[in-house]
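For reference, the sequence and a predicted model appear below.
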Amino acid sequence: QVQLVESGGGLVQTGGSLRLSCAASGRTFSISTMGWFRQAPGKEREFVAGIRWSAGTTYYADSVKDRFTISRDNNKNTMYLQMSSLKPDDTAVYYCAASFRVALTPTIPRGYDYWGQGTQVTVSS
């Protein structure tokens, strides 16, 4: 089992920045991949960014590439999402997720085994 706790959400103006954190506990040594997803009201959950826990390889949705940066601190078992140049379309609940599966395609939600409770990000125009 892995427990995930997100933090860092909030209200920010267009063009502003936020950094989300996701602290993992439990069987963290088994984590292969972690990811960030978001879900806006009335929309499906969508992939934002992912990272291979050991190698640090990163993946991004086209909509956030060059604006968001995913990273991790293996010693702290914490993943981060640095968000800049935020737009109203980025408004959503952001979730972190973890998977034990070695061959996971990072962009697919059903491939993740554990999810955090979510943190709200609101970007005002």
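Received the coordinates, thanks.

Okay, and the beta partners of the residue most central in space within the chain?
Centroid check for the chain by C-alpha atoms, centre = their mean gives residue 36 as the closest residue, at 2.0 Å. Counting by DSSP bridges, residue 36 forms beta bridges with residue 49, residue 96.

Now residue 81. Nearest residue, chain neighbours left out?
residue 20 (4.3 Å; C-beta to C-beta, 6 or more residues apart in numbering). To be clear about C-beta, it is placed using only N, CA and C from the backbone, and glycine gets the same treatment.

Could you do residue 54 as well?
residue 32 (7.6 Å).

That neighbour reaches residue 106, doesn't it?
No: assessed by C-beta atoms under 8 Å, residue 32 is found out of contact with residue 106, at 9.8 Å.

These two: who's more crowded?
Legend: neighbour count by other C-beta atoms under 10 Å for residue 32 and residue 106, higher for residue 106 (21 against 18).

Check the gap between the more buried one and residue 65 for me.
14 Å (C-beta to C-beta, to the nearest Å).
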